[in-house]
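Engineer: structure, please.
(2 chains)
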2 protein chains.
Amino acid sequence: MPGPRVSFVTLGVADLVRSREFYVAWGWTPAQVSEEIVFFQANGLVIGLFGLADLAVDQGRPDAVLGMGAMTLAQNYPTEAEVDAVFEAALTAGASELKRPEPTDWGGYSGYVADPDGHVWELAMNPFSPPGPDGSVVLGG
Amino acid sequence: MPGPRVSFVTLGVADLVRSREFYVAWGWTPAQVSEEIVFFQANGLVIGLFGLADLAVDQGRPDAVLGMGAMTLAQNYPTEAEVDAVFEAALTAGASELKRPEPTDWGGYSGYVADPDGHVWELAMNPFSPPGPDGSVVLGG
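Structural biologist: Predicted coordinates:
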């Protein structure tokens, strides 16, 4: 059986234009845009924005609230200064502040924001697993 | 400003042991296990399992349901047969079936399952963006 992999992360959104504008304002450049979906190329995976109703049909859960329970998507950076800069840029772009970046009990530094649909992004510096230039993390690497 | 990246995907879970056993039964090998967290090394990012209450504290959302709205994590495979095999293995491991793999209107093939906490995984074959051996996807690559 193949091991763990994430090829796409698709965020259901209430308003595709609003969400695209938020991520563009945060500094992201779309790789593909249509009336139905926006794709951003990330580190070996693709982040997509997709209408809530379309996502519900795709998931086969048309009757569900589509709440997935708790989940965090984390963006790791090599320095606290970069975490601070990306955090401030998120707020400027219209993100909601959940937790300002602060030292963590595991020896790192992290803050949390939510995008316009409540998707939670952690912005973190982890000295034990520094990311590659594209944000990739290899444990113990 | 840095571009799109996902360094970690952390799934909040109600029962860490149950969730670890589910993913191990699905064929995944943990890279790190403690009493608080389980990490799996994926394609340039890390998938973590973390207790719901701990995640709520980390996110700075102790009062929230922690529902993140709709989201899909997709695992892409080069063939329909692999999608079918991973789908069946998920059900055998205890996943809930949301949608059996079927041809999609965009020319691919995909199915959906939910893990024990309702986190949604899509298992897909996309002939236009075939994944690398580790599941990585580069648009137009």
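Engineer: show me what contacts A:A114?
Structural biologist: A:95-96, A:98, A:120-121 (CB atoms under 8 Å, 6 or more residues apart in numbering or on different chains). Just so you know, the C-beta spots here come from the backbone N, C-alpha and C atoms, and that holds for glycine as well.
Engineer: could you point out the longest strand of chain A?
Structural biologist: strand A:96-103 (DSSP state E).
Engineer: for that strand, enumerate the helices and strands it packs against.
Structural biologist: Helices and strands touching strand A:96-103, by 3 or more CB pairs under 8 Å, 6 or more residues apart in numbering or on different chains; DSSP states H and E, are helix A:80-93, strand A:109-114.
Engineer: show me the shaky parts of chain A.
Structural biologist: Applying pLDDT under 70 to chain A picks out residues A:61-70, A:141.
Engineer: so where do the strands sit in it?
Structural biologist: Using DSSP E, strands in chain A cover A:8-13, A:32-33, A:37-41, A:46-51, A:71-76, A:96-103, A:109-114, A:120-125.
Engineer: so which of the ones you listed gets nearest A:Q59?
Structural biologist: Closest approach to A:Q59 among these is made by strand A:8-13 (8.8 Å; CB to CB).
Engineer: export the closest one as PDB, just CAs?
Structural biologist: Only the C-alpha atoms of strand A:8-13 are listed here, as PDB (Å, rounded to 0.1, in the frame of the first residue of the first chain):
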ATOM      1  CA  PHE A   8      -4.100  18.500  -3.400                       C
ATOM      2  CA  VAL A   9      -5.700  20.500  -0.500                       C
ATOM      3  CA  THR A  10      -9.000  21.900  -1.700                       C
ATOM      4  CA  LEU A  11     -10.600  24.600   0.400                       C
ATOM      5  CA  GLY A  12     -14.400  25.000   0.100                       C
ATOM      6  CA  VAL A  13     -15.200  28.700  -0.100                       C
END
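Engineer: domains of chain A?
Structural biologist: Domain assignment of chain A by automatic domain parsing yields the ranges A:1-61, A:70-134.
Engineer: looking at these, which is closest to B:L139?
Structural biologist: domain A:1-61 (5.0 Å).
Engineer: A:R100 reaches A:G111, doesn't it?
Structural biologist: Yes - if you go by CB atoms under 8 Å, A:R100 and A:G111 touch, sitting 5.4 Å apart.
Engineer: what do those two both touch?
Structural biologist: A:F87.
Engineer: neighbour-wise, which of the two wins?
Structural biologist: Using other CB atoms under 10 Å in any protein chain shown, the more surrounded residue of A:R100 and A:G111 is A:G111, with 25 against 14.
Engineer: number of nearby residues for the residue lying closest to the more buried one once chain neighbours are set aside?
Structural biologist: For A:G111, ignoring the flanking residues on the chain, the nearest one in space by CB to CB, 6 or more residues apart in numbering or on different chains is A:P101 at 3.3 Å. Applying other CB under 10 Å, we find 21 residues neighbouring A:P101.
Engineer: TSV for the helices and strands packed on strand A:96-103, including distance to B:V33?
Structural biologist: As requested, the helices and strands packed on strand A:96-103 are arranged in TSV below (distance: least, CB to CB, whole Å):
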stretch	distance to B:V33
helix A:80-93	27
strand A:109-114	22
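Engineer: winner for burial among those?
Structural biologist: Of all the helices and strands packed on strand A:96-103, strand A:109-114 carries the top mean neighbour count, a mean of 23, counting by mean count of other CB atoms under 10 Å in any protein chain shown.
Engineer: what about A:P127, neighbour count?
Structural biologist: 12.
Engineer: what's the local residue count around A:Q32?
Structural biologist: 13.
Engineer: re the thing from before, what's the closest of the domains of chain A to B:N76?
Structural biologist: domain A:1-61 (3.7 Å).
Engineer: check the offset of that closest one from the chain's centre.
Structural biologist: 10 Å (CA atoms, centre = their mean, to the nearest Å).
Engineer: that one and chain B in contact?
Structural biologist: Yes - Domain A:1-61 reaches chain B (CB under 8 Å from any CB of the partner chain) through A:1-13, A:23, A:26-29, A:31-32, A:39-47, A:52, A:55-56, A:58-61.
Engineer: ok, of these, which come out buried?
Structural biologist: When those are checked for burial by 16 or more other CB atoms under 10 Å in any protein chain shown, the buried set is A:2-13, A:23, A:26-28, A:31, A:39-47, A:52, A:55-56, A:58-61.
Engineer: nothing else from me, thank you.
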